[in-house]
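>>> would you be able to build a 3D model of this:
(chains A and B, ligands or ions: 1)
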Amino acid sequence: MNHSQRHSNLKTRVASVLLVTSKKYQKIFGVAMATMFAAGCAQNAPQDTWQPKGPNAKIIDDLQQPVFAVAGIIGLIVAVAIIYVVFKYKDRGQAIPEQTHGKPALEITLTIIPALILAVVAVFTFGAIFKLAKTDDTEMIINVTGQQWWWEYDYPAQNEFGINQPIISSGQLVMPVGTKVLLRETSRDVIHSYWIPALNGKRDAVPGRVQTLRLEADAPGLFAGQCTEFCGLSHANMRMEAIALSKADFAKWVANQQAAYVAPAKDSLAQQGEAVFLNQCVRCHQVNGLLRADGTPAIAAPDENVWSGAAPNLTHLMSRNTFAGATFDLLSKQCRDEVWNAPSDEIGAKYLAGVTEDCLNQKDLRAWLRNAPAMKPMYANPTQLTATGGKYRGMPYLALSEDDISKLVAYLLTLK
Amino acid sequence: MFSTGFKYFIGVTVLSVVALIMSLFVLDQVALAGVAISMLIVVTALLAGIAVVTRDGQTKTSTPELSKDLTTKSIWPLVTSIGVVLLALGLVISSLVFFSGVIVLLAALAEWMVKSWSERSSRDASYNSSARKRLLNPIEFPVLAALGLGVVIYSFSRIMLTVNKSIGASLFIVFGLVVLITGILFAVKPNMKRSLVVAICVLGAVGIFVAGIISASTGLREDLVIAKSESHEHPECGAERSEHFDKLAEGNLSLRSSVDATIELVDGKLTARIVGFNKPQNSVTIRRSTATNFIFHNLDAKEYRLVADLGNRAVAEPEGKTEKNLVCTQLTAQGAEQALVLKIDKPATVGTSYILSVPGIEGQSIELVVP
Ligand SMILES: [Cu+2]
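Got it, this is the predicted structure:
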């Protein structure tokens, strides 16, 4: 399944709202309503809030199910009562009945009952809030940093997981199953909000503050999410995915993320690509271990070129399945479907295979290098950067030749 | 003879000529200012010529009989032209001059308008003047009072910045007493001559104003001069107390939650507490180019400060040289807390590292890891 399919339901909903306005379309509205109702039962909905896949989401679900039931029953009673009254007392020309005012017993009862119901709901709600705010049982920490319009993850050294130097990645959050992961979120520019519906609720990423969010997955799997705090032009294209791997697979992933940089083979296309990369890309993108022609390490300077001060670290780009805020696939449709549809116990192996040359989504990656702002709206027009003091918001159009793009793709394919 | 319009435009022209001559002396770069003011001179001179030739465009019949002998002298044409000149000068000199021009101009036009309206409102001169007052006094009085008070307060503050600290305190007491006594005097003698009251007030205000001018030209008192010259960007981050940087050290923080790490100094040991890590850490992984908040919590018996060593940075003079890039808190008393905000743009390169440490405490440090 691709991203556009995931959101076709939303389109149907918007369309249905637009149609109500005209009487002529009432029939269509009926059908749309039915579709909408049916959409609620969709099985293949990765951002469904009613399908918890971990204990934290389960806490929320255990709260919302009974509250929804209670609210539903009350709503039904009220609706039936209103309909009954409307029909029973509809104007048939009868005399206006006696008007009364003030029935203390009734009024007090009708105040106390809802208050009691809300009090009971409040008790369980507070319980859930406190459970979700716990941080002292954390087993693993991941720093999450939001910026326009992608998420960065860095894993501080944690020897119990074999992480002895920081790992840095973007778009897809990789975590071990059955582990209490604590995200420490902040932002480099405006407020964003991190939300993987299958694993927990939302938590805002606020500049200058570090806020925490618990995540834990029961079984290996891929869980989609998106930024849920409006954060500017490409807010809708700021997505993320959480990938839960078995502990053994996670250890493999960690080992690969810490593997030393391997320079492309001499005289290969990829080696030419490395040269182009040093010329064009390294001013924003860090590739750990990459050396300049003079043998010094190439340290990227996104702080001098990008408004948020950061650009994705590409050291292990091809170990991820998506790019640019998890909005585009690095895998071709077929290969990506294979990962997404794999049974839980095979997902790890499929994901760890990363992006091979056969599976690469050449079209989108080339289009990105050709003209990134054409694919994802960004304020990256070099002539309009006065508001940001000459810095780009997002990745700019770089006027690369098709030749250079081919070289770069060959090089990027080596960054596994 | 000379029509009103002519007088106005010729006035602006003359003042602009003065401004042009002055700008030749005052400004380093006259090019733009000169052109602008010269254009103003040309335009207003032309308008003055037109006004005198056409007698302000007035024909005999349009002159209203009613108001002729009821009009009184007006300063508003003069103030208006001053406003225009300030406006034009401000365009080239500074926005402050420009905006004061705008304010003067608006105020003068409003006054002028209301005045000429009131002078035509009836045949009775005293009624006309009361009409003007009714409309404008509620605005004029508060504005003038605020301006007057502002001048007095500003002058007084200049005095206080110049005189020695202890003299300043006594001066404040004396000044307060004088105001109080004068107020009591006015209150117990309600029949005092009006002119006497005015004289006392004006004398007091002028006295403070003059003293303020003298103080301002004398300059700040010595310790303020020293404090001003001390760099805030390069605080002294050593173990010893720095005279000004460590003055009035903060001890309490409102920033308590949601920080990256709390750095604690207990019994000569430095550790980092990070939400999520159950045990104290001796390194903190912080994000690249992100404002990162730390709290320094000193639980040791002496005063200490937390210092972040961020490697070397280039200095402006002499070129090519570098200096240590240190960021630090003030000296923090026992039990007190201070915040330290860091932003590190690049990962440490081989052989260098970013370190948090406490001067005077040996062998204890926390590494800042920037991935
Ligand atoms: Cu966002």
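>>> please count neighbours and contacts with C-alpha atoms only from this point.
Will do.
>>> the spatially closest residue to residue A:232 that is not a sequence neighbour: neighbouring residues, count only.
Once flanking residues are discounted, residue A:232 sits nearest to residue A:148: 7.5 Å by Cα to Cα, 6 or more residues apart in numbering or on different chains. A count of nearby residues for residue A:148, using other Cα atoms under 10 Å in any protein chain shown, gives 26.
>>> what's the answer for residue B:248, then?
By other Cα under 10 Å, neighbour count at residue B:248 equals 9.
>>> sticking with it, tell me its helix or strand.
Counting by DSSP states H and E, no helix or strand carries residue B:248.
>>> quick one: it from residue B:228, how far?
Distance of residue B:248 to residue B:228, computed by Cα to Cα, to the nearest Å: 16 Å.
>>> would residue B:272 count as being in a strand?
Yes. Assessed with DSSP: H, G, I helix; E, B strand; the rest coil, residue B:272 lies in a strand.
>>> what about stretch A:373-388, average pLDDT?
Averaged across stretch A:373-388, the pLDDT comes to 83.
>>> hmm, I typed the wrong one, I wanted stretch B:216-224.
pLDDT averaged over stretch B:216-224 gives 85.
>>> number of nearby residues for the closest residue to residue A:356 other than its chain neighbours?
Nearest residue to residue A:356, sequence neighbours excluded (Cα to Cα, 6+ apart): residue A:413, at 7.3 Å. For residue A:413, the count of nearby residues is 18 (other Cα under 10 Å).
>>> could you do residue B:204 as well?
Neighbours of residue B:204 using other Cα under 10 Å come to 14.
>>> next one: it from chain A, what distance?
Counting by Cα to the nearest Cα, to the nearest Å, the gap from residue B:204 to chain A is 51 Å.
>>> swap in residue B:24?
34 Å.
>>> any idea which element that residue lies in?
Assigned by DSSP H and E, residue B:24 falls in helix B:4-26.
>>> so who does residue 282 touch?
Just going to use chain A. Residues in contact with residue A:282 (Cα atoms under 8 Å, 6 or more residues apart in numbering or on different chains) are A:298, A:299, A:300, A:301.
>>> actually it's chain B I care about, not the one you picked
B:270, B:271, B:272, B:365, B:366, B:367.
>>> for the ion, give me its nearest residue in the stretch 101-250 of chain A.
residue A:192 (4.1 Å; Cα to the ion).
>>> that residue: neighbour count?
The burial count for residue A:192: 31, using other Cα under 10 Å.
>>> that one reaches residue A:205, doesn't it?
Yes. Counting by Cα atoms under 8 Å, residue A:205 is a contact partner of residue A:192 at 5.0 Å.
>>> between the two, which contacts overlap?
Joint contacts of residue A:192 and residue A:205 (Cα under 8 Å, 6+ apart) are residue A:146.
>>> OK, contacts around residue 347?
No chain was given, so I picked chain A. Contacts of residue A:347 (Cα under 8 Å, 6+ apart): A:220, A:221, A:245, A:339, A:340.
>>> look at chain B instead
Residue B:347 touches A:299, B:288, B:369, B:370, B:371, counting by Cα under 8 Å, 6+ apart.
>>> just put the residues you listed in TSV and tack on secondary structure, pLDDT and neighbour count.
What follows is these, written out as TSV (DSSP: H, G, I helix; E, B strand; the rest coil; pLDDT from 0 to 100; neighbours: other Cα atoms under 10 Å in any protein chain shown):
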residue	secondary structure	pLDDT	neighbour count
A:299	coil	91	21
B:288	coil	91	21
B:369	strand	91	21
B:370	coil	91	20
B:371	coil	87	19
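>>> quick check, nearest of those to residue A:335?
residue B:371 (31.3 Å; Cα to Cα).
>>> residues contacting that closest one?
A:154, A:166, A:167, A:168, B:285, B:286, B:287, B:288, B:347.
>>> which of these has the most neighbours?
Result: residue B:287 is most packed of the contacts of residue B:371 (other Cα under 10 Å), 28 neighbours.
>>> follow-up on the earlier one: quick one: which of the contacts of residue A:347 sit in helices?
Assigned to helices by DSSP state H, the following of those qualify: A:339, A:340.
>>> quick one: buried residues of the longest helix seen in chain B?
Longest helix of chain B, by residue count under DSSP H: helix B:125-162. Neighbour counts using 16 or more other Cα atoms under 10 Å in any protein chain shown place B:125, B:128-129, B:131-133, B:151-156, B:158-162 of helix B:125-162 among the buried residues.
>>> now do the strands in chain A.
Here chain A has its strands, by DSSP state E, at A:140-147, A:150-155, A:167-170, A:172-176, A:181-187, A:192-195, A:202-205, A:211-215, A:221-226, A:239-245, A:322-323, A:328-329.
>>> residue B:40 and residue B:10, how far apart?
11 Å.
>>> meant to ask about residue B:346
64 Å.
>>> before we move on, what about residue A:280?
63 Å.
>>> what's the burial count for the residue in chain A positioned nearest to chain B?
Residue of chain A nearest chain B, by Cα to the nearest Cα: residue A:210 (4.6 Å). Residues lying near residue A:210 (other Cα under 10 Å) number 24.
>>> just give the closest residue to it, not the sequence neighbours.
residue B:258 (4.6 Å).
>>> which residues touch that neighbour?
Residue B:258 sits in contact with A:209, A:210, A:211, where contact means Cα under 8 Å, 6+ apart.
>>> closest to residue B:48 among those?
The closest of the contacts of residue B:258, once distances to residue B:48 are taken by Cα to Cα, is residue A:209, at 64.3 Å.
>>> who in chain A is up against the ion?
Applying Cα under 5 Å from the ion, we find that chain A lies next to the ion at A:192, A:227, A:231.
>>> let's go with 8 Å and repeat that
A:146-150, A:190-193, A:227-232, A:234-235, A:238 (Cα under 8 Å from the ion).
>>> which among those residues count as buried?
A:146-150, A:190-193, A:227-229, A:231, A:234-235, A:238.
>>> assign a three-state SS to residue B:295, would you?
strand.
>>> that one and residue B:257 touch, don't they?
No. At 9.7 Å, residue B:295 and residue B:257 do not qualify as touching, with contact defined as Cα under 8 Å.
>>> who has more neighbours out of the two?
residue B:295 (24 against 13).
>>> show the contacting residues for that one.
Applying Cα under 8 Å, 6+ apart to residue B:295 gives the contacts B:256, B:259, B:261, B:262, B:263, B:337, B:338, B:339, B:340.
>>> how about the last one, phi and psi?
The one in question is residue B:340. phi -130, psi 120 (degrees, to the nearest 10).
>>> then the first one?
Here is the backbone geometry of residue B:256 (degrees, to the nearest 10): phi -120, psi -40.
>>> and it, how many neighbours?
Residue B:256: 13 neighbours (other Cα under 10 Å).
>>> how about the fourth one?
Using other Cα under 10 Å as the criterion, residue B:262 is surrounded by 23 other residues.
>>> just give the closest residue to it, not the sequence neighbours.
Closest to residue B:262 by Cα to Cα, 6+ apart is residue B:295, at 4.6 Å.
>>> chain A versus the one you found, what's the distance?
13 Å.
>>> bridge partners for that residue, pull those for me.
residue B:262, residue B:339 (DSSP bridges).
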